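Novice: Turn this into a model:
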Amino acid sequence: MRGMEPARSSSARFRALRELGRGGMGAVELVWDALREEEVARKRCQLRPGDGSDASQAQHAFARLKREFRAVAELSHPSLVPVLELGQDDEGVYFTMQAVDGVDLYEHCREAAAAASTE
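Specialist: Coordinates of the predicted model:
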């Protein structure tokens, strides 16, 4: 795992493959990481300074993303996806994590509820 301060990274390092999910604070996409030579998931804050968002709101969102990375980086559990790197490029702050095949939590709960209702 890289250090806890954002690494500077070129946007050319990552090639977007597809979006995996989107929430109130950011989006997660599957990307090819040319440096690691593997697919990883990259979470990026949606609010960026200079994109028309309130500057203080964008800075707060960046700080939250960094805190999330640092908190998850200190955890280790078989059910948690490991985070790999906190970085920053021309598009803003992001962090990468191991890409995992599966369904998101909402879909999992929906499928479990549907299965339970048929029993």
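Novice: Phi, psi for the residue lying closest to Ser76 once chain neighbours are set aside please.
Specialist: Leaving aside its sequence neighbours, Ser76 sits nearest to Pro82 (CB to CB, 6 or more residues apart in numbering; 7.9 Å). All C-beta spots, glycine's among them, are computed from the backbone N, C-alpha and C. Main-chain dihedrals, Pro82, degrees, to the nearest 10: phi -70, psi 140.
Novice: Going by neighbour count, list what's buried in whichever strand or helix holds Arg70.
Specialist: Here Arg70, judged by DSSP states H and E, is contained in helix 55-73. Within helix 55-73, the residues that count as buried by 16 or more other CB atoms under 10 Å are 58, 61-62, 65-66, 68-69, 73.
Novice: ok, those vs Trp32, which is closest?
Specialist: Checking the buried residues of helix 55-73 against Trp32 with CB to CB, the nearest one is Phe69 at 20.6 Å.
Novice: Let me see the contact set for that closest one.
Specialist: 83, 86, 95 (CB atoms under 8 Å, 6 or more residues apart in numbering).
Novice: and the last one, that's in a helix?
Specialist: Read that as Phe95. No: judged by DSSP: H, G, I helix; E, B strand; the rest coil, Phe95 forms no part of a helix; its state is strand.
Novice: Report the buried members of the contacts of Phe69.
Specialist: Buried by 16+ other CB under 10 Å: 83, 86, 95, out of those.
Novice: what helix or strand is the second one on?
Specialist: Per DSSP H and E, Leu86 falls inside strand 83-89.
Novice: average model confidence for that strand?
Specialist: Taken as a whole, strand 83-89 has an average pLDDT of 90.
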